[in-house]
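1. Predicted structure and sequence below. I'll ask about it afterward.
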Amino acid sequence: MTTAGSDLAETDHRFTRKEHDLRLRVLELGDEGEQGHLLVFGEVADGCLVRLHSRCLYGDALRSDDCDCGPELDATLDMIQAEGAGVLVYLEQEGRGAGLVAKARGYRYSEQHATDTFTSYEALGYPADNRTYDLAAERLAALGLRSVRLLTNNPAKIDALHAAGIEVTSVPLLTPVHGLRARRYLEAKRAHRGHRIPIVYIPFVAFSARSMRPRWSPHLGVELFVPIAILCALMVHFDQLGSAAGTALGALVAFVVAARQRGRFARPK
């Protein structure tokens, strides 16, 4: 039987993305419940960036605006490339482990009954979330990692790494949301699965009920002032929350600036 080290050596090659070249090695996960791959970028060590990412064909490949999966994957690779090292665990857990057909059925049920996808899955007889991360955590530990910075909002991923003896520093992964369905999905993940998505982060954008085209809310100034004031207060009075608050504040400001620069939102006529 080959070892993880020998398997990695056999896949050692160069990877280029956005004109940035980086060493890449790949290790397969072979368990029936947790299939996928570890993509090891650069020379990883304790404290490196790690992302456990469940495959999402719609978001990752088709660039759907209905979820945050594609932007999360892009942000992960940008951060790993910027640091020159990190691990992406790409898990074959489409549709929260239920599969692509179940995911499509869930979307259809949600459209027909105005429910979130967690509720729709359960109504159709699927588990709301059938994913596990235990094997992925074990493989990370087998790489010799004892501490990581985990790019996630999902507490279940943090718990899995803790169980494998890995110390975790959680790094919130907050990306711009480009649609009403994606906004509702974020709200559902926070409500049903305890994802650490700040309430103030969920976009301050009003949508036209007729066209579903985003536009600036007439109360946007007030809506932005309140969360920014809260985040600033957290940073001033609670030093231990400074990093998380700063990350959320930065994501919020970046979202608004990018939206205005790209002309994505038009003022209501």
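-> Received the coordinates, thanks.
2. what's the neighbour count on Ile166?
-> For Ile166, the count of nearby residues is 20 (other Cβ atoms under 10 Å). To be clear about C-beta, it is placed using only N, CA and C from the backbone, and glycine gets the same treatment.
3. Report the contact partners of it.
-> For Ile166, the contact set (Cβ atoms under 8 Å, 6 or more residues apart in numbering) comprises Ala137, Leu140, Ala141, Leu145, Arg146, Ser147, Val148.
4. and those, which two are the farthest apart?
-> The span of the contacts of Ile166, defined through Cβ to Cβ, is set by Ala137 and Ser147 at 12.9 Å.
5. Comparing the two, which residue is more hemmed in?
-> The neighbour comparison of Ala137 against Ser147 (other Cβ under 10 Å) goes to Ala137, with 27 against 14.
6. and that one, what does it touch?
-> Applying Cβ under 8 Å, 6+ apart, the residues near Ala137 are Ala160, Leu161, Ala163, Ala164, Ile166.
7. My read is that the second one contacts Arg146, right?
-> So that's Leu161. No: using Cβ atoms under 8 Å, Leu161 makes no contact with Arg146, being 10.5 Å away.
8. pLDDT below threshold where in the stretch 1-150 of the chain?
-> Applying pLDDT under 70 to the stretch 1-150 of the chain picks out residues 1-6, 31-33.
9. Tell me where it has strands.
-> With DSSP state E, counting those that start in this stretch as the criterion, the stretch 1-150 of the chain has strands at 13-17, 20-30, 35-41, 48-54, 86-91, 147-151.
10. Highest neighbour count among the contacts of Ala137?
-> Result: Leu161 is most packed of the contacts of Ala137 (other Cβ under 10 Å), 26 neighbours.
11. Beyond the helix or strand where it lies, next helix or strand please.
-> Using DSSP states H and E, Leu161 falls within helix 155-163. Downstream of helix 155-163, the first helix or strand assigned by DSSP H and E is strand 167-171.
12. Identify the residues contacting that following strand?
-> So strand 167-171 is contacted by 47, 49, 146-152, 158, 161-162, 196, 247 (Cβ under 8 Å, 6+ apart).
13. Show me which positions of stretch 52-60 end up buried.
-> Neighbour-count burial for stretch 52-60 flags Leu52, His53, Ser54, Arg55, Cys56, Tyr58, Gly59, Asp60 (criterion: 16 or more other Cβ atoms under 10 Å).
14. ok, the fifth one - contacts?
-> With Cβ under 8 Å, 6+ apart as the criterion, the residues that contact Cys56 are Cys67, Cys69, Gly70, Glu94.
15. what separates it from Leu174, distance-wise?
-> 17 Å (Cβ to Cβ, to the nearest Å).
16. before we move on, the earlier item: buried subset of the contacts of strand 167-171, written for PyMOL?
-> Typed into PyMOL, the line below selects the buried ones among these, using 16+ other Cβ under 10 Å:
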select buried, resi 49+148+149+150+151+152+158+161+196+247
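17. And the contacts of strand 167-171, which two are furthest apart?
-> Arg146 and Thr247 (23.9 Å).
18. which one is Leu77 nearest to, not counting chain neighbours?
-> Arg17 (6.3 Å; Cβ to Cβ, 6 or more residues apart in numbering).
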